[in-house]
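**Q** Mind looking at a prediction? Sequence and model below.
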Number of protein chains: 2
Amino acid sequence: MTPVMTSSPRLPGPRDRMVDSARLLIQERGVTGVGLREVVAHAQAPRGSLQHYFPGGKTQLVGEAVARAGESTRAVVAAAVADGTDAATTFSAVVERWRAVLSDGSFARGCPLAATVVDAATGSEELREAAETALAGWRADTAALLRRDGFPAKRAASLASLLQAAVQGALIQARAQRSTAPLDAVERELLPLLTPPGGPLSG
Amino acid sequence: MTPVMTSSPRLPGPRDRMVDSARLLIQERGVTGVGLREVVAHAQAPRGSLQHYFPGGKTQLVGEAVARAGESTRAVVAAAVADGTDAATTFSAVVERWRAVLSDGSFARGCPLAATVVDAATGSEELREAAETALAGWRADTAALLRRDGFPAKRAASLASLLQAAVQGALIQARAQRSTAPLDAVERELLPLLTPPGGPLSG
């Protein structure tokens, strides 16, 4: 492999595109509702590339889409950890990111992790674990932010669990009512809980 | 139809059983993952009864299962309204009810409303509306409880939205990690928010 010499972003290959397409389609229709042929067509990948890149079939493809979804949510929190942003500001950034996803997609797309749990947690131990790994990673990062803000470890874990639950539930409500109001309510009600025990941080 | 003369509960007929079976199977596998023949078999209903009772097919059956699920959650809140229970106690009762569903089913069953939104909100306007009607009813009842406890109307609506979101999200987390801990966290963190503005009610 030769390194890319220009500064333009490298176009994703068919394997990457299939993982992204799977993620997008799962966000719209759930895991069971997405067919492998649709993923190949959506990704504009050559026929036969699915078997080539994903010998483990749909479970492998969905598992990778779930892992990638987890990474992209964690990236928001990881950036906050890196640049010293507090948990309240980070939570607002996460909520804002979901508002944009909902609005861009006419409320067609929710969280692929929730979709995986709802459709596949009972039937596929592998996909249940993939979803749990992604969800647990996000919670761990958020708890770390809260500890840095001054919350004791146990309370930080409990609050991180609540923040994730509230966002996941608000996404379901938002798609049902075709409105971002549930995300607004969650943000408005929970931000006051994120003020550190010793008062707001000065930086 | 002659009225039932004994005090024993009337056994549900095939139509009722099919709605209940659809609800249970959707809780485990989502909407797309449930086949009509499975519902008929699970309900021990005669072949052909689906077309007879549900001329609108799967959409009608799922729509009725969603409506029934909404009614059964609202019943918990409606009972609280009737006997003067406060919002905090009622919220704990709702959470406890979900703890029991998760534990009884080895974490196999989640909320059928969430499953309907995730699988069908983008593809079926009818099912999206059915889910929204059920979710909105639960929020309205909860907001009424909060207003009776002394919260102003706008805050009551906002808190009711948060409570529903947190429970929905916690159910997804709980199934992913096969633990009721997410429901415990949500209950622990949110109960303090439900103390009425003028302090705890005396009765």
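**A** Cool, got the structure.

**Q** The helix or strand harbouring residue A:129: how far from the chain's middle?
**A** Following DSSP states H and E, one finds residue A:129 within helix A:125-149. Computed by Cα atoms, centre = their mean, to the nearest Å, the separation of helix A:125-149 from the middle of its chain amounts to 10 Å.

**Q** What are the buried residues along it?
**A** A:127-132, A:134-139, A:141-149 (16 or more other Cβ atoms under 10 Å in any protein chain shown). Glycine gets a C-beta too; all of them are placed from N, C-alpha and C.

**Q** Please go through these and note which also touch chain B.
**A** A:128, A:131, A:132, A:135, A:136 (Cβ under 8 Å from any Cβ of the partner chain).

**Q** of these, closest to residue A:75?
**A** Closest to residue A:75 out of those is residue A:135 (15.2 Å), distances taken as Cβ to Cβ.

**Q** who touches that closest one in this structure?
**A** By Cβ atoms under 8 Å, 6 or more residues apart in numbering or on different chains, the residues touching residue A:135 are A:70, A:113, A:164, B:172, B:173, B:176, B:177.

**Q** Then residue A:155?
**A** residue A:146.

**Q** Which of the helices or strands spans it?
**A** Following DSSP H and E, the helix or strand that holds residue A:155 is helix A:153-177.

**Q** got it, and residue A:90?
**A** Secondary-structure assignment from DSSP H and E places residue A:90 in helix A:87-104.

**Q** got the CA positions of that helix in CSV?
**A** Listed next in CSV are the C-alpha coordinates belonging to helix A:87-104 (Å, rounded to 0.1, in the frame of the first residue of the first chain):
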residue,chain,number,x,y,z
ALA,A,87,-19.8,17.2,30.3
ALA,A,88,-22.8,19.6,30.0
THR,A,89,-21.4,21.2,26.8
THR,A,90,-20.5,17.8,25.4
PHE,A,91,-24.0,16.5,26.1
SER,A,92,-25.5,19.4,24.3
ALA,A,93,-23.1,18.6,21.3
VAL,A,94,-24.3,15.0,21.3
VAL,A,95,-28.0,16.2,21.3
GLU,A,96,-27.3,18.7,18.6
ARG,A,97,-25.7,16.0,16.4
TRP,A,98,-28.9,13.9,16.7
ARG,A,99,-31.1,16.9,16.0
ALA,A,100,-29.2,17.3,12.7
VAL,A,101,-29.5,13.6,11.8
LEU,A,102,-33.3,13.7,12.4
SER,A,103,-33.8,16.9,10.5
ASP,A,104,-31.5,16.0,7.6
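
**Q** Would you mark the buried spots in it?
**A** A:87, A:88, A:90, A:91, A:94, A:95, A:98, A:99, A:101, A:102.

**Q** Residue A:90 and chain B, how far apart?
**A** Separation of residue A:90 from chain B (Cβ to the nearest Cβ, to the nearest Å) stands at 18 Å.

**Q** which stretches of chain A have low pLDDT?
**A** Applying pLDDT under 70 to chain A picks out residues A:1-9, A:199-203.

**Q** what does stretch A:112-128 contact?
**A** A:23, A:26-27, A:30-32, A:59, A:62-63, A:65-66, A:69-70, A:130-131, A:134-135, A:168, A:171-172, B:28-30, B:32-33, B:107-110, B:114-115, B:118-119, B:169, B:172, B:175-176, B:178.

**Q** CA-only coordinates of that stretch in PDB, if you can.
**A** Output of stretch A:112-128 as PDB, limited to C-alpha atoms (Å, rounded to 0.1, in the frame of the first residue of the first chain):
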ATOM      1  CA  PRO A 112     -28.600   2.000  14.700                       C
ATOM      2  CA  LEU A 113     -27.700   0.600  18.100                       C
ATOM      3  CA  ALA A 114     -31.200   0.900  19.400                       C
ATOM      4  CA  ALA A 115     -32.400  -0.800  16.100                       C
ATOM      5  CA  THR A 116     -30.000  -3.600  16.600                       C
ATOM      6  CA  VAL A 117     -31.100  -4.300  20.200                       C
ATOM      7  CA  VAL A 118     -34.800  -4.100  19.300                       C
ATOM      8  CA  ASP A 119     -34.500  -6.500  16.300                       C
ATOM      9  CA  ALA A 120     -31.600  -8.700  17.100                       C
ATOM     10  CA  ALA A 121     -30.800  -8.800  20.800                       C
ATOM     11  CA  THR A 122     -33.000 -11.800  21.400                       C
ATOM     12  CA  GLY A 123     -32.000 -13.700  18.300                       C
ATOM     13  CA  SER A 124     -28.300 -13.000  18.000                       C
ATOM     14  CA  GLU A 125     -25.900 -13.100  20.900                       C
ATOM     15  CA  GLU A 126     -23.200 -11.700  18.600                       C
ATOM     16  CA  LEU A 127     -25.200  -8.600  17.700                       C
ATOM     17  CA  ARG A 128     -26.400  -8.100  21.200                       C
END
